[in-house]
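A.B. asks: Quick one: sequence plus predicted model below, questions after.
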Amino acid sequence: MGRIFVVDLDGKTYRCKFCKTHLAQAEQLISRSFHCQRGKAYLFNTVVNVTSGSPEERMMISGLHTVSDVFCCSCGQLLGWKYLVAHEESQKYKQGKFALERDGIIDGADSEFYIAFL
Amino acid sequence: MRVVEDGTLSKRVKVSSGKIGGLSDDTSVGEQGSCSLSGSMAPLLASEDDKVVGSNGVISKVEFVRIITEALYSLGYSKIGAHLEEESGIPLHSNLVLTFVQQILDGQWDESVTTLHQIDLMDENIIKLASFAILEQKFFELLDGEEEMDALKTLRTQIIPLRVNCDRAPELSYFIVCPSQISLDKTHSQESRLSSRKKLLGELRKLLPPTVIIPENRLVCLVEQALDLQKDNCRFHNSVGEMSLLVDHQCGKDKIPYQTVQILKEHYGEVWFLKFSHNGRYLASSSCDSRVIIWVVNVDGHVIMRHRLTGHRQPVSYISWSPEDDQILTCGDDKTVRRWDIDSGECLCVYEKQNLGLVSCGWAADGKSIFTGVTDKSISMWDLKGKEVESWKGQRTHCMADLGITSDGKELITLCKENVVLLFGWETESERFIEENQTITSFALSEDGKLLLVSLWDGDIHLWDIDGCMEWIGEYNGHTRSRLLVRSCFGGLEQAFIASGSENSKVYIWHRASMELVFSLSGHSGAVNCVSWNPANPHMLASASDDHTIRIWGLKRVNSKSNGTLEKV
C-alpha cells in the first residue's frame, strides 16, 4: 500500500505493540488511570502515526463524549480513541487528547518482556 | 489623456503645426527648423479633429502614427514610411533630428554637437553624455587616421571639460600612447567606418529621450508586451511557438497531458518512486520489490525498459540523477546508498557508514561528490570512490527524509525537524529555515531551484519562494493523503504546473500561478505514490502507483501501429 509515511520520535517513546511504530513520547503521557471496556488506557496529549475513524457519540463511565477511534497507520491495529467533544464541563480537559489502550502499546523498557511471551 | 475641448483643440492644432515631433508636455516650443517644412507637408491635421486613437482615449494619434512610421522604416519599407509621413502630415523626426542624424553619419562631429544643443532636451546631463559619446567617436576616428595631435586636442579641449564619465578620460589618453590597443577596445579596424557610426547612432538613440527620437522597434516592443500579458493570463499555456496577433491567446486544456498513452508493467511490486533525467531521455523508477528500473524515452515518446538494477535488499525510496544524467544514486530502507551507471546498468559504488544508516542522497552540482543524510541526523559528503570526505553534525536531517540541492549547488535542502525545512549552505555552514505548522512529508524543488513545493501531513501542498527571502506563495489541494508518502512535482512549460499523486488513485494537476485545479486524471487502480514531469517535454507526465504500474500521460495516444506493445486503457 505504498510507502507509509511514519514519523520517528526522539527519547523515550511508546510504540505500537504489533509493528513497533512510534506513537507518543513519554513526556506526552498525562494519566495512567483511564479505563475502557477492554481494560486500562493511558491518556496522551498528542500522538503521531495514527489515522482516525469517523466521529461518534459514546457513553463512557465519565459521561457522554464524541470520540473517534484511532488506528496505527502502519498495521491498522485499533489503538484507542481520540476525544473530540466532552459534553460535561468537568470532562472538557480531555478534548483533543488521545486515550491509547494499555494492551496495544509498549514502552521502550517493556519490549523485551513482551517478546519473551510471543 | 488627451480628451480636450474644442477651444483648446484648435489651439493645439495651431501649436503642433509649429512644433514637429514634440508631443509630450515637456517638449519645448523653441524648435527652429519647423517653419522650413516642405510644401507638401503643409496640410497638417486640418482634416481630422481626432487627437486620440482607440476607444479608451489614451493613445495619442501623433505618437501612434510615428511608431507605425518607425516600424515601416525598421522593416525596410522606407518609401511607404516617407509616404506615410507625407500623407499624415506627421513626420517621424523633426528636421533638427534628421540633420543631427545625418551629421553623425557623415562624421561632422562638431556640427552635430552644436545641433544637439539646439534640440532642446531639457536635461543638461543627457546633452553632456551624448556629446561625450560623439566626441569619443571623433577621438577614435582621429587616432585611426593617425592624427594624434588633433585627437589630443579633442580630448583636452572638448571631452574633459564635459566632466562626465570621468574615469574614461585617462583610458582615452592611454590610447594616444598605445594606439595598438584600440583594435581590442573598439574593433575599429574590423568594422567599416559607417557601421561604427551607425553603432554610435544606436547608442545615442537610447540616450536621447523617446520624444525626440522614437526608440527603435517601439511598435514591436509594445506588441510583445501585450502578448506577454496574454500568455501570463493563459492558464493552460503549455506549448512554445508563434502567438497569433489576430486573436487573443487562450490555450485550451488540450496541451496539458490528460490521457494515458502508455502503461509500463515491468515492476513486480508497488511502484514507489520515479524520476525523469534532466535531459528527459531516461526515466528511473523503484518499487517495493527492491528493484530499480531504468527506462529509455524514445524520440517518438515511447518508453522502453533498458535495465533492471538489483542490489538493494529493501525497497528503494529515492533516486537522484547526476547532473550529466549518466549515473544515478539510489537509497532506501536498507539504509545504504548505491551509485549506478546508466549505460551499463552496473553498480559502481556502495556507500555505507559503520553502525549508521544513510537515509537520503543527492548529487553535488559538479557531479564529483555526493551528499547523504545519516541516521544520526548529520549530513555527509562523499567522493565518487566511496570515501567520506566531510560530515556536518547536529540536527541537520530527520530520518528517511528527502535531500535536495539548489541549482547553484551551494545549499542542501533537508528536513531538519518534522515541520522545518533547512537550507544548509554546506561551504559556509549558513542556515535558512522554512517552518510549517504541521508535519512535512516530502518536498520537491523546481528546475531553476527558485521554488520549493512542500507536501504536508493533512494533504495540502505549499509553494515557497526560496530565492532570496523565503516567502509562502500559495497552497494546492484537492487530492487525498492520510497514510502514505505521496509526492508532487513541478512541470510543464516554464514549470507552470504542479502535479501530485493521491491516495484515491488519481493524478492531480494544478496551474501554478492561479492555483486552479486543471485535471484530476483517473486510470490507476491503486494509490498514486509519485509523479514526475519530463523536463524536456512539457506534454509528458509519468505516475507511479500501488497497482504495480507506471502510467505515461500525454496529449494523444501514440500510434499503436508503430510498436504493437501498447496497452488499451
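C.D. replies: Received, thanks. Residues are numbered from 1 along each chain as shown, chains lettered A, B, ... in the order given.
A.B. asks: Buried ones in the helix or strand encompassing B:K198, by neighbour count?
C.D. replies: Secondary structure assignment for B:K198, by DSSP states H and E: helix B:193-207. For helix B:193-207, the neighbour count (16 or more other Cβ atoms under 10 Å in any protein chain shown) marks B:196-197, B:200-201, B:204, B:207 as buried. (C-beta placed from N, C-alpha, C; glycine too.)
A.B. asks: try stretch B:294-301
C.D. replies: Neighbour count says stretch B:294-301 has B:294-295, B:297, B:301 buried, by 16+ other Cβ under 10 Å.
A.B. asks: Would you mind giving the residues you listed as CSV with distance to chain A added?
C.D. replies: Formatted as CSV, the buried residues of stretch B:294-301 follow (distance: Cβ to the nearest Cβ, whole Å):
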residue, distance to chain A
B:I294, 20
B:W295, 20
B:V297, 25
B:G301, 27
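A.B. asks: Determine which two of these are furthest apart.
C.D. replies: B:I294 and B:G301 (17.3 Å; Cβ to Cβ).
A.B. asks: so what's the closest residue to B:L92 other than its chain neighbours up against?
C.D. replies: Leaving aside its chain neighbours, B:L92 sits nearest to B:T69 (4.4 Å; criterion: Cβ to Cβ, 6 or more residues apart in numbering or on different chains). Neighbouring residues of B:T69 by Cβ atoms under 8 Å, 6 or more residues apart in numbering or on different chains: B:81, B:84-85, B:90, B:92.
A.B. asks: Pick out whichever of those sits closest to B:S239.
C.D. replies: Taking those together and measuring to B:S239 by Cβ to Cβ, the closest member is B:G81, at 35.4 Å.
A.B. asks: Determine the set of other helices and strands touching the helix or strand harbouring that closest one.
C.D. replies: Taking DSSP H and E as the criterion, B:G81 maps to helix B:78-88. Applying 3 or more Cβ pairs under 8 Å, 6 or more residues apart in numbering or on different chains; DSSP states H and E, we find helix B:78-88 packed against helix B:61-75.
A.B. asks: What average pLDDT does the helix it packs on get?
C.D. replies: The pLDDT scores in helix B:61-75 average 91.
A.B. asks: just how off-centre is it within its chain?
C.D. replies: 30 Å (Cα atoms, centre = their mean, to the nearest Å).
A.B. asks: Please apply the same query to stretch B:503-513.
C.D. replies: The chain centroid and the centroid of stretch B:503-513 are separated by 25 Å under Cα atoms, centre = their mean.
A.B. asks: Equivalent analysis for stretch B:286-304, please.
C.D. replies: Chain-centre distance of stretch B:286-304: 30 Å, with Cα atoms, centre = their mean.
A.B. asks: Next, the distance between the ends of it.
C.D. replies: Its first and final residues considered, stretch B:286-304 spans 15 Å by Cα to Cα, to the nearest Å.
A.B. asks: go on, stretch B:160-167?
C.D. replies: Terminal residues of stretch B:160-167 are spaced 10 Å apart (Cα to Cα).
A.B. asks: ok, back up a step: out of the buried residues of helix B:193-207, the closest to chain A would be?
C.D. replies: For those, the minimum distance to chain A (Cβ to the nearest Cβ) is 60.6 Å, reached by B:L207.
A.B. asks: Isn't the closest one up against B:F132?
C.D. replies: No - using Cβ atoms under 8 Å, B:L207 is not in contact with B:F132, being 9.7 Å away.
A.B. asks: Make sure B:E346 is actually in contact with B:W340.
C.D. replies: Yes - contact criterion Cβ under 8 Å: B:E346 and B:W340 qualify, at 6.8 Å.
A.B. asks: out of the two, which sits in the busier spot?
C.D. replies: A side-by-side neighbour count of B:E346 and B:W340, using other Cβ atoms under 10 Å in any protein chain shown, places B:W340 first with 24 against 12.
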